[in-house]
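Chemist: The following comprises the amino acid sequence and a computationally predicted model.
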Amino acid sequence: MSKKVKINLTSKITQADQTETIRQEADGELREDGAIKRIFYETENVPVKMLVKEQELLIRRGSDRANFSQMHFILGEKGQCKYVVQGRQMDLMSETKRLEFKEIAAGQQLEVEYDLFSGVDLIGSYAVSLIFA
């Protein structure tokens, strides 16, 4: 089943002792096949694809091989992530603290909280909420 949705995205980023909150809205598409959900939208001319499974989330941003990011979140575990900018790759690790997809009054909500590491160094802590209506 596929349906058009309005997406309200809120990202809270904490790095060192600074916190920034970013809010964005986008038109998107939500496809559901049992417990598997696929979400497609574009923000700032960058396409985003998300695959939500039980206790797992994959996010890919970007459309070409030289500039994209791929994030992998597994609840309670570490996931491999990578950023590719102008063909140069940086491997990162995510540690997922919360991953929840639930029904709410406005529609559906996906929440993920994670820490992002480069080797043993903490890059930052992130909390992301997407509401699909």
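Modeler: All right, it came through fine.
Chemist: For the residue located most distally from the centre of the chain, grab phi and psi.
Modeler: Ranked by distance from the centre of the chain (CA atoms, centre = their mean), the top residue is D17, with 22.6 Å. Main-chain torsions, D17, degrees, to the nearest 10: phi -110, psi 20.
Chemist: Run through who's touching stretch 42-51.
Modeler: With contacts defined as CB atoms under 8 Å, 6 or more residues apart in numbering, stretch 42-51 is touched by 9, 24, 26, 28, 36-41, 57-63, 110. Backbone N, C-alpha and C define where each C-beta goes, glycine included.
Chemist: again, 7 Å this time
Modeler: Identification of contacts with stretch 42-51 by CB atoms under 7 Å, 6 or more residues apart in numbering yields 24, 26, 38-41, 57-63.
Chemist: Identify the residue nearest L122 in space, chain neighbours excluded?
Modeler: If the residues on either side of it in the chain are set aside, L122 comes closest to D115, at 6.0 Å by CB to CB, 6 or more residues apart in numbering.
Chemist: should've said E77
Modeler: E77 sits nearest to T96 (CB to CB, 6+ apart), 6.6 Å away.
Chemist: ok, the residue farthest from the centre of the chain to E42 distance?
Modeler: Distance from D17 to E42, counting by CB to CB, to the nearest Å: 33 Å.
Chemist: for S11, same thing?
Modeler: S11 is 16 Å from E42, by CB to CB.
Chemist: my guess is T14 meets G124, correct?
Modeler: Yes: T14 is within contact range of G124, at 5.8 Å (criterion: CB atoms under 7 Å).
Chemist: now the strands: where do they sit in the protein?
Modeler: For the chain, applying DSSP state E gives strands covering 2-15, 18-33, 36-43, 46-53, 56-64, 67-74, 78-85, 88-104, 107-118, 121-132.
Chemist: okay if I get those as JSON lines plus mean neighbour count and mean pLDDT?
Modeler: Formatted as JSON lines, the strands of the chain follow (neighbours: other CB atoms under 10 Å; pLDDT from 0 to 100):
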{"stretch": "strand 2-15", "mean neighbour count": "15", "mean pLDDT": "95"}
{"stretch": "strand 18-33", "mean neighbour count": "13", "mean pLDDT": "95"}
{"stretch": "strand 36-43", "mean neighbour count": "17", "mean pLDDT": "94"}
{"stretch": "strand 46-53", "mean neighbour count": "17", "mean pLDDT": "95"}
{"stretch": "strand 56-64", "mean neighbour count": "16", "mean pLDDT": "93"}
{"stretch": "strand 67-74", "mean neighbour count": "19", "mean pLDDT": "95"}
{"stretch": "strand 78-85", "mean neighbour count": "16", "mean pLDDT": "94"}
{"stretch": "strand 88-104", "mean neighbour count": "14", "mean pLDDT": "94"}
{"stretch": "strand 107-118", "mean neighbour count": "18", "mean pLDDT": "95"}
{"stretch": "strand 121-132", "mean neighbour count": "17", "mean pLDDT": "95"}
